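Novice: the amino acid sequence is not available; the structure is as follows:
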């Protein structure tokens, strides 16, 4: 990413500081145009108008490791259907320690409660985004989201620098290390199931991502209270540019919205579950059999939220293209080859922007 902008185009304002100041109206830079403003449509297992079920699928991942072959096949089929029809599912009984998940989220809540001067020591830049931040895109004058975050690298190991991870809180680095280790293990298991479900060899997607050199990183999102939540978003509509995201949300305050057709559905997170969503690189590799899906985050006037988004991505210099095994005369390749570094530069410049990027690179048919 040597050609990335080196500094932010305008002074960075911490959204948490704005929220704590007691303002009654949000600055104009955070006001979304009317068509992008949030609409609250709660998700539930019950049928919505017209009979459509409005909840992302829930998969008991432990079924993959059952001694019952029928249960293993059933669980794999549930994951496959969720990937093809939704691009999202909630994974329960996934094997990551629930206590570890809780303690990791709480230590990050402690970080955001630190005095501003202590957090500023970890202020980030557009070069790598690593550290304490308050905006994603670097385009001057762009609309801003109502959130702060902390971004850190975990894989490949050469990019991991724990000195850039917060301390205090004193337990943060240790918890992040163990949490990331367990989540990476879960991601690897899911990638194998994705490969098999697509009719590819078990390790195909892992190898396409770069094998042991693949990428993994985490963004801890902090969404402060907002006096006008109907005018802004915590995170604007986007599909994730990478491979797969495992989100550990705040189950006490709903915020994630998933696009389903023309509607935005608000996901009700289950306790101790990961919300799994597919990124653009899996859409490309699967030749759109699996699709990334637009999602966004709404904010709340009464409560702040902390969520942990773990991104499992290809190595930056890996050429990503549709798997040859999925290409036929009837289903030609939909996307040209490109590296992940080339691909993600767009969102680093523009910030969240729906699905415009992955749609724009489609090959003419």
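Specialist: Alright, I've got the coordinates. Just so we're clear, the structure is a prediction, and the values are computed from it rather than from any experiment. Numbering: from 1, shown residues only.
Novice: can you map out the strands along the stretch 201-350 of the chain?
Specialist: 215-223, 235-238, 244-248, 256-260, 263-266, 274-278, 295-297, 305-313, 319-320, 338-339 (DSSP state E, counting those that start in this stretch).
Novice: tell me the mean pLDDT over the fifth one?
Specialist: It refers to strand 263-266. Per-region confidence: strand 263-266 scores 89 on mean pLDDT.
Novice: repeat that for the second one.
Specialist: Mean pLDDT, strand 235-238: 93.
Novice: returning to what we had before: ranking the strands of the stretch 201-350 of the chain by burial, who's on top?
Specialist: strand 274-278 (a mean of 25; mean count of other CB atoms under 10 Å). Every C-beta, even on glycine, is put in place using the N, C-alpha and C of the backbone.
Novice: which residues are contacting it?
Specialist: Residues from elsewhere that reach strand 274-278 (CB atoms under 8 Å, 6 or more residues apart in numbering): 56, 83, 87-91, 94, 96, 183, 186, 190, 240, 243-249, 256, 267, 269, 290-293, 295.
Novice: the closest residue to residue 316 other than its chain neighbours and residue 317, how far apart?
Specialist: Leaving aside its chain neighbours, residue 316 sits nearest to residue 341 (4.0 Å; criterion: CB to CB, 6 or more residues apart in numbering). The gap separating residue 341 from residue 317 is 6 Å, by CB to CB, to the nearest Å.
Novice: those two: which is more packed in?
Specialist: residue 341 (16 against 11; other CB atoms under 10 Å).
Novice: so the more buried one versus residue 171, what's the distance?
Specialist: For residue 341, the distance to residue 171 - CB to CB - is 34 Å.
Novice: close enough to count as contact, residue 282 and residue 240?
Specialist: No. Applying CB atoms under 8 Å as the test, residue 282 and residue 240 come out as separate, 9.5 Å apart.
Novice: ok, the two, which is more surrounded?
Specialist: residue 282 (29 against 25).
Novice: okay, and for this structure, where does confidence drop off?
Specialist: Along the chain, segments meeting pLDDT under 70 span 1-5, 40-54, 346-365.
Novice: go again with 90.
Specialist: Filtered on pLDDT under 90, the chain yields the residue ranges 1-9, 38-55, 126-129, 136-142, 251-254, 261-263, 341-365.
Novice: give me the phi and psi for the most far-flung residue of the chain relative to its centre.
Specialist: Going by CA atoms, centre = their mean, the residue of the chain most distant from its centre is residue 329, 33.9 Å out. Dihedral pair for residue 329: phi -60, psi -30, per degrees, to the nearest 10.
Novice: against residue 287, how distant is it?
Specialist: Taking CB to CB, one finds residue 329 at 13 Å from residue 287.
Novice: same thing with residue 39?
Specialist: Taking CB to CB, one finds residue 39 at 33 Å from residue 287.
Novice: do residue 212 as well
Specialist: 26 Å.
Novice: neighbour count winner among those two?
Specialist: residue 287 (21 against 9).
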